[in-house]
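Peer 1: Okay, structure incoming, though there's no sequence with it:
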């Protein structure tokens, strides 16, 4: 048979160890993306023209270009300006920055979906700007966006293999290296695929649960 | 100028392959998204389950892993395709899975009243779907579809792994020859950005065309 | 006016589609294995060779776009005598060369790949065409004073860069350099960039690769000299490069070897590979693939 269970179990520990790196990068990157996205979404709606314009241009630029090249850029250019960070940190930063531009758009859609009346009522009640955002708009804007944000979490999870380009030893890169060394790619790759699948399915189910809970509340 | 003269011809060649992958992948993805999106809504289990499996498997695994699998592992089972076809196939399958969700939620977002009205007018399921619901769902699908299209464009960079010289790989080759890392990546980023803008503009055009009836005398 | 605009749009669209439309021969290249490979490629008049764009072994010349280097030029010479007029390069990552060969994406690996016992278990090698030693790329002035693999191992804090799938990783491990002091780069330019940016103390590669890269870069780097030849198990480690064939293509490999035997070491051969930095002292001598596969 083409598949060797013996070999599969042989490489499993190494792959699972690398999976921890994958998870680390995903969670840290996503946390960053959530925060950055909110910052940029709000910046986009700023009254100051140059702030909103710059934010929009930046979001467009990052969204429209491949993560891979952004990664290379950060990895090789930053040290020339004196910033020497570990590859994992750079990877997390790149992921957060890249996906922050996507979450910004999601937040924007959510914010725009909040009825105008809410804004007007908040203003009529003389609420300070901070309270308008934190207590009126965002609590209504964000919950409907959670499923879509969840989509992006899964997407980011699956983009972590790109970090291999800047020498981060995450799961797929480890699988490739094992394969390159032993010339048996089938088992490492399939195991990697299955692990990605299982985790994604778990995440999707969690998101759907979240979606339903929100729907019920409404 | 000499820089452009040396690198631009090669990069444009790479761009051509990138666009071949994008267009081919997009066409396949659109078809799959339509079929799977509708399939997921079907009351019949025979339609729902394959669609669900397809969407979950291809959303849940990394495009990179899929590419490797189809290109290196599949020949072991007797099925082998040329590199371009494999790239288009995997990219289409991958984006189609995400597209299915877009299709499904756009259709779900059409008010229930429309279905009821269609039924009241004695239209059968298929007529209701194609003549009443889809024309209303289509404009809702287009913005996220534009996003997915740009995602597809960026995913083409991954195809460099299976011996296809698309834009990112060509940039690497040029870099290997002249070691001008930053200018080359900057130029490559600019090309991707321009291509993404053109694609988005096209989708926006389509959006306007599809909603032209809503804007009176367009 | 609107009609003119629509017409212009259609014309642009048509030109775009025409540009993208696959030209004849572009869609070809599905995997082919089995059968009489030599007969097949003789009939086709062209043989597909896999390479990883590593100068000066096998690379695409940036100016002419032509596949060249020690391996492709030699391949052209040999295949012409076997009745196959041209070679067509299939570019891939170094680490993917063997899987792609096995999957039938091309029929010969012409990348100057070293013969190693592990690789011999997967594919067949021709007799070697050259034998070269190792070298390090280090920052100008060699600040850490690194003059060899064992030197690096014994220098505290020194890190080594290698390219994925390349043999230098095994060399490093064999000498006892811990994995957390080795950084794996996706390709040679990245590794060179890595040394220049201070991410690794040195990049280990073949003498020829190092010479070639240093001739192209403007970064303040140099080749570590003097360099202690790497000795493992009492033997000086030399990389013997050869051509790779699928296990089922023994006939092709043997035919290739026959022509090769009459070519290696001749004036014509030396003249052919001189432009790539290969010299007489890099000839493989009487080493054979069989012996090298045993681990001799």
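Peer 2: That came in fine, so what should we check first? Just so we're clear, the structure is a prediction, and the values are computed from it rather than from any experiment.

Peer 1: got the contact list for residue B:164?
Peer 2: Applying Cβ atoms under 8 Å, 6 or more residues apart in numbering or on different chains, one finds that residue B:164 lies in contact with B:17, B:21, B:83-84, B:87. (Glycine included, C-beta is placed from N, CA and C.)

Peer 1: Actually, residue A:133.
Peer 2: Going by Cβ under 8 Å, 6+ apart, residue A:133 touches residue A:42.

Peer 1: Tell me how far it lies from residue A:124.
Peer 2: 16 Å (Cβ to Cβ, to the nearest Å).

Peer 1: and which of the contacts of residue B:164 is nearest residue C:214?
Peer 2: Nearest to residue C:214 among the contacts of residue B:164 is residue B:17, at 31.4 Å by Cβ to Cβ.

Peer 1: tell me the pLDDT at residue 197?
Peer 2: By default, I'm working from chain A. We have a pLDDT of 89 for residue A:197.

Peer 1: wait, chain C
Peer 2: pLDDT recorded at residue C:197 is 83.

Peer 1: One more: the one 4 residues further on?
Peer 2: Note on residue C:201: pLDDT of 92.

Peer 1: Check the offset of stretch C:275-288 from the chain's centre.
Peer 2: Here the centre of stretch C:275-288 is set off from its chain's centre by 16 Å, with Cα atoms, centre = their mean, to the nearest Å.

Peer 1: Kindly report the residues of chain A close to chain B.
Peer 2: Taking Cβ under 8 Å from any Cβ of the partner chain as the measure of proximity, chain A contacts chain B at A:2, A:60-61, A:63-70, A:72-73, A:76-77, A:102, A:105, A:151, A:154, A:158-162, A:172, A:176, A:185-186, A:189-190, A:192-193, A:196-197, A:199-201, A:204.

Peer 1: The residues you listed, buried ones only, as a ChimeraX selection?
Peer 2: For the buried members of the residues of chain A next to chain B, the matching ChimeraX selection, counting by 16 or more other Cβ atoms under 10 Å in any protein chain shown, is:
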select /A:63,64,65,66,67,68,69,70,72,73,76,77,102,105,151,154,158,159,160,161,162,172,176,185,186,189,190,192,193,196,197,199,200,204
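
Peer 1: Contact residues of chain B facing chain A?
Peer 2: B:56-57, B:59-66, B:68-69, B:72-73, B:76-77, B:98, B:101, B:147, B:150, B:153-154, B:157-158, B:168, B:171, B:181-182, B:185, B:188-189, B:192-193, B:196-197, B:200.

Peer 1: so how many other residues sit close to the residue of the stretch 1-150 of chain C found nearest chain A?
Peer 2: Among residues of the stretch 1-150 of chain C, the one nearest chain A by Cβ to the nearest Cβ turns out to be residue C:95. It sits 4.0 Å away. The criterion is other Cβ atoms under 10 Å in any protein chain shown. On that basis, residue C:95 has 20 neighbouring residues.

Peer 1: circling back to that earlier point, near chain C too, which of the residues of chain A next to chain B?
Peer 2: Among these, the residues that sit close to chain C (Cβ under 8 Å from any Cβ) are A:76, A:176, A:185.

Peer 1: Give me the phi and psi angles of the first one.
Peer 2: Dihedral pair for residue A:76: phi -100, psi -20, per degrees, to the nearest 10.

Peer 1: Residue A:196 contacts residue B:64, doesn't it?
Peer 2: No. Taking contacts as Cβ atoms under 8 Å, residue A:196 lies outside contact range of residue B:64: 9.8 Å.

Peer 1: Which residues are in contact with each of the two?
Peer 2: Taking Cβ under 8 Å, 6+ apart as the contact rule, residue A:196 and residue B:64 both touch residue A:158.

Peer 1: neighbouring strands for the helix or strand hosting residue C:184, and are they parallel or not?
Peer 2: With elements delineated by DSSP states H and E, residue C:184 resides in strand C:182-185, which encompasses its position. Pairing partners of strand C:182-185, with direction, according to DSSP bridges: strand C:160-163 (parallel).

Peer 1: Give me the spatial nearest neighbour of residue 150, chain neighbours excluded.
Peer 2: By default, I'm working from chain A. Counting by Cβ to Cβ, 6 or more residues apart in numbering or on different chains, the nearest residue to residue A:150 once its immediate chain neighbours are dropped is residue A:207, at 3.6 Å.

Peer 1: Can you look at chain B instead?
Peer 2: In space, residue B:150 is closest to residue B:196, 4.9 Å off (Cβ to Cβ, 6+ apart).

Peer 1: Please apply the same query to residue C:85.
Peer 2: With sequence-adjacent residues excluded and distances taken as Cβ to Cβ, 6+ apart, residue C:85 is closest to residue C:45, at 5.2 Å.

Peer 1: tell me the contacts of the one you found?
Peer 2: Contacts for residue C:45 (Cβ under 8 Å, 6+ apart) come out as C:84-86.

Peer 1: partners of the nearest residue to residue C:61 once chain neighbours are set aside in the sheet?
Peer 2: Nearest residue to residue C:61 in three dimensions, chain neighbours excluded: residue C:68, at 5.3 Å (Cβ to Cβ, 6+ apart). Taking DSSP bridges, one finds residue C:59 as the beta-bridge partners of residue C:68.

Peer 1: show me what contacts residue C:68?
Peer 2: Residues touching residue C:68, when contacts are defined by Cβ under 8 Å, 6+ apart, comprise C:58-61.

Peer 1: Among these, name the buried ones.
Peer 2: Applying a neighbour-count criterion of 16+ other Cβ under 10 Å, the buried members of these are C:58-60.

Peer 1: what's the neighbour count on residue 96?
Peer 2: Since you didn't name a chain, this refers to chain A. Applying the criterion other Cβ under 10 Å, we find 22 residues in the vicinity of residue A:96.

Peer 1: Oops, wrong one, chain C.
Peer 2: Each residue near residue C:96 was counted by other Cβ under 10 Å, and the total is 25.

Peer 1: Equivalent analysis for residue C:293, please.
Peer 2: The local packing of residue C:293 (other Cβ under 10 Å) involves 17 other residues.

Peer 1: Same check on residue B:191?
Peer 2: For residue B:191, using other Cβ under 10 Å, the count is 19.

Peer 1: what do you get for residue A:46?
Peer 2: The number of residues packed around residue A:46, counting by other Cβ under 10 Å, is 13.

Peer 1: Assumed it was part of a helix.
Peer 2: No. Using DSSP: H, G, I helix; E, B strand; the rest coil, the secondary structure at residue A:46 is coil, not a helix.

Peer 1: Tell me where chain A has strands.
Peer 2: Per DSSP state E, chain A has no strands. Nothing in it meets that criterion.

Peer 1: That one against chain C: which residues are in contact?
Peer 2: Where chain A comes near chain C, counting by Cβ under 8 Å from any Cβ, the residues are A:76, A:79-80, A:84, A:164-165, A:167, A:169, A:176-177, A:179-183, A:185.

Peer 1: Among those residues, which lie within helices?
Peer 2: Here DSSP state H is the test, and the residues of chain A next to chain C give A:76, A:176-177, A:179-182 as lying in helices.

Peer 1: Name only those of those residues that count as buried.
Peer 2: Judged by neighbour count, with buriedness set by 16+ other Cβ under 10 Å, the buried members of these are A:76, A:176-177, A:179-180, A:182.

Peer 1: Residue B:108: which of these is nearest?
Peer 2: Here the nearest of those to residue B:108, counting by Cβ to Cβ, is residue A:176; it sits at 39.6 Å.

Peer 1: Relative to residue B:68, how far out is the spatially closest residue to that closest one that is not a sequence neighbour?
Peer 2: In space, residue A:176 comes closest to residue C:95 once its chain neighbours are excluded; the distance is 6.6 Å by Cβ to Cβ, 6+ apart. Between residue C:95 and residue B:68 the computed distance is 11 Å (Cβ to Cβ).

Peer 1: shared neighbours, those two?
Peer 2: In contact with both residue C:95 and residue B:68: residue A:176, using Cβ under 8 Å, 6+ apart.

Peer 1: Show me what the mean pLDDT comes to for stretch C:69-77.
Peer 2: Mean pLDDT, stretch C:69-77: 93.
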